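Engineer: Predicted model follows, preceded by the sequence.
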Amino acid sequence: MFVSNSEEQKQEMLSFLGYKNIEELIKDAAPGIGKADFDLPAALSELELQKHIGQLASKNKKALNFIGAGAYEHFTPAAVNAISSRGEFLTAYTPYQAEASQGTLQAIYEYQSSICALFDMDISNASHYDGATALAEAVGAAVKIKNKNTVLIPAALHPHYKQTLKTYFKYADIKFIEVSCEEGSTDIEDLKEQLENTNVAAFVLANPNFFGVVEEVDEISEVVKEAGALLIACVNPLSLGVLKTPGSYDADFAVGDGQVLGNSVYFGGPHLGIFTCKKEYVRSLPGRVVGIAKDKDGNRAFVLTLQAREQHIRRERSASNICSNQALCALNAVVYMTLLGPEGMVKVASLNLEKSHKLKDLLSKEGCKLKFKQPFFNEFVIECPKPAEEICKELANQGIAAGYPLKEFGGGFENALLVCATETKTDEEIKKFAQIMGGF
């Protein structure tokens, strides 16, 4: 509980320091600070503030949402937030005296174990900031391991992920080359041609990719491995309930965004970066890792392990500068996965598959054309009869968020719209959307 200083206490401290008021103290401590006239309104009482915030919130518009594109609307059981909001857990940070917080460490350990089982990978860290930063860390690790500076990425990788890679490695000697995805999925022949470059460290396999397309993971893995490069899988964790796991197609690193596991969209963040790898690359694993040890009495204890990799130990020779994680979002994820269990994860993934394909079928009946023919998970691209941005604006006036326009992908995508249907959509809502789209 915080109890602020009384006016008498403040004056006593100022007098001891030789000042009459706080302005004199600030003038000496930080010259130039405090001179600005901020022209702020008078302070509000708690009741007035609640009403003011309520008025602001009332301006928000609710919409029937068919947007995916990296941030997805999923149902989160009430128990998830009920557990993660308990006082024992409610922190977004790993404690500095970590071993004193056995409950927090055990929760992270359970998260790591659950993620390893879901991804079919050997090792998981305690999480990263989001999927994009997790991918960037995997790329950095692959470049160090192979001692090569070229990384292949698919043209259908999420645009924000591409931008994050460019930002991360702006001043590093790393070259990114895009592999063609003209037909919606990775062009295997182009991939083979690019892999002839002997300086390739890794290929990033996005599955599903940004267009929602499910890739030929086994064939891609075989091609990459034959070339001697590392395979970095960037996946939708929820899709692993029905799609092949990264471990099954021999991925060296596997990352993803855990927003789909019990975390809301949160206006774009915070999200949860998932990072896994093979055991042989554990020394290249960035971030915190929780392990099990025994205390002096022989009792089981959870500890932060393998810390020699981290920047507070090895400085510039560390695996990464990452020294934090998304502990609260990771807690949401492990609670969500535990509540659903393996069968529940399969069921939710299957519902996403079912709802999106129902939407595809109804849109096709209404005359909408699919841009790509390949299999997809819970989102896909349609061709609109006019610019997709115009359609989105028109539907917004009807209370529908129609999808994500793909104009940024250049020629041939002006009318392309990425639409998504998750388990949250009813058959009636899907039918309504399809009928409206058919009217254009």
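Structural biologist: Thanks, I have the structure now.
Engineer: what stretches of the stretch 201-350 of the chain score poorly on pLDDT?
Structural biologist: 307-325 (pLDDT under 70).
Engineer: try it again with 80
Structural biologist: Within the stretch 201-350 of the chain, the stretches with pLDDT under 80 are 305-325.
Engineer: Helices along the stretch 151-300 of the chain, start to end?
Structural biologist: Using DSSP state H, counting those that start in this stretch, the helices found in the stretch 151-300 of the chain span residues 159-168, 188-195, 217-226.
Engineer: And these: which comes nearest Gly399?
Structural biologist: Relative to Gly399, the nearest member of these by C-beta to C-beta is helix 159-168, separated by 26.7 Å. To be clear about C-beta, it is placed using only N, CA and C from the backbone, and glycine gets the same treatment.
Engineer: mind exporting the closest one as CSV, just the C-alpha atoms?
Structural biologist: Output of helix 159-168 as CSV, limited to C-alpha atoms (Å, rounded to 0.1, in the frame of the first residue of the first chain):
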residue,chain,number,x,y,z
PRO,A,159,5.0,-7.6,-43.6
HIS,A,160,5.5,-6.5,-40.0
TYR,A,161,7.8,-9.5,-39.5
LYS,A,162,9.8,-8.4,-42.5
GLN,A,163,10.0,-4.9,-41.1
THR,A,164,11.1,-6.1,-37.7
LEU,A,165,13.9,-8.2,-39.3
LYS,A,166,15.1,-5.1,-41.2
THR,A,167,15.0,-3.0,-38.0
TYR,A,168,16.8,-5.6,-35.9
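Engineer: what does it contact?
Structural biologist: Helix 159-168 is contacted by residues 70, 131-133, 135-136, 139-140, 151, 153, 176, 206, 210, 234, 408 when judged by C-beta atoms under 8 Å, 6 or more residues apart in numbering.
Engineer: Most neighbours out of these, which is it?
Structural biologist: Leu135 (30 neighbours; other C-beta atoms under 10 Å).
Engineer: Nearest residue to Lys20 in space, please, no chain neighbours.
Structural biologist: Leu14 (6.8 Å; C-beta to C-beta, 6 or more residues apart in numbering).
Engineer: Any figure for the gap between the one you found and Lys27?
Structural biologist: Distance of Leu14 to Lys27, computed by C-beta to C-beta, to the nearest Å: 13 Å.
Engineer: Ok, Ile83 next?
Structural biologist: Ile83 is 49 Å from Lys27, by C-beta to C-beta.
Engineer: Compare the two and say which one has the larger neighbour count.
Structural biologist: Higher neighbour count among Ile83 and Lys27: Ile83, with 20 against 15, using other C-beta under 10 Å.
Engineer: can you list the domain ranges for this structure.
Structural biologist: 64-74+342-439, 78-337 (the TED database).
Engineer: before we move on, the earlier item: out of the helices of the stretch 151-300 of the chain, which is closest to Ala57?
Structural biologist: Here helix 159-168 is closest among these (C-beta to C-beta), at 27.2 Å.
Engineer: which parts of that closest one are buried?
Structural biologist: Neighbour-count burial for helix 159-168 flags His160, Tyr161, Lys162, Thr164, Leu165, Tyr168 (criterion: 16 or more other C-beta atoms under 10 Å).
Engineer: Quick check on Leu340: phi, psi?
Structural biologist: Leu340 adopts backbone torsions of phi -80, psi -40, taken as degrees, to the nearest 10.
Engineer: dump the residue contacts of it.
Structural biologist: Lys347, Val348.
Engineer: Which residue, other than its chain neighbours, is closest to Leu218?
Structural biologist: One thing to correct before we go on: residue 218 is Asp, not Leu. That would be Tyr249: by C-beta to C-beta, 6+ apart, it lies 5.4 Å from Asp218.
Engineer: burial measure for the one you found, as a count.
Structural biologist: Neighbour count for Tyr249, taken as other C-beta under 10 Å: 23.
Engineer: same thing with Glu193?
Structural biologist: 12.
Engineer: what does the one 10 residues further on give?
Structural biologist: When counting by other C-beta under 10 Å, one arrives at 27 neighbours for Phe203.
Engineer: what do you get for Arg283?
Structural biologist: 11.
Engineer: what about the nearest residue to Lys407 once chain neighbours are set aside, distance to Ala349?
Structural biologist: Sequence neighbours aside, Glu414 is the residue nearest to Lys407 in space, at 5.6 Å (criterion: C-beta to C-beta, 6+ apart). To Ala349, Glu414 is 32 Å away according to C-beta to C-beta.
Engineer: Quick check: Ala206 touching Pro154?
Structural biologist: Yes: with contacts defined as C-beta atoms under 8 Å, Ala206 counts as touching Pro154 at a distance of 5.5 Å.
Engineer: hang on, the earlier thing: out of the domains of the chain, which is closest to Glu7?
Structural biologist: Once the domains of the chain are compared by C-beta to C-beta, domain 78-337 is nearest, at 31.7 Å.
Engineer: Endpoint to endpoint, that closest one covers what distance?
Structural biologist: Domain 78-337 has its terminal residues 13 Å apart, counting by C-alpha to C-alpha, to the nearest Å.
Engineer: Check the offset of it from the chain's centre.
Structural biologist: Relative to its chain's centre, domain 78-337 lies at 10 Å (C-alpha atoms, centre = their mean, to the nearest Å).
Engineer: which residues does the spatially closest residue to Gly403 that is not a sequence neighbour bridge with?
Structural biologist: With C-beta to C-beta, 6+ apart as the measure, Val419 is the residue that lies nearest to Gly403, at 4.0 Å, once sequence neighbours are left out. With DSSP bridges applied, the residues forming beta bridges to Val419 are Phe380.
Engineer: Cool, thanks, talk later.
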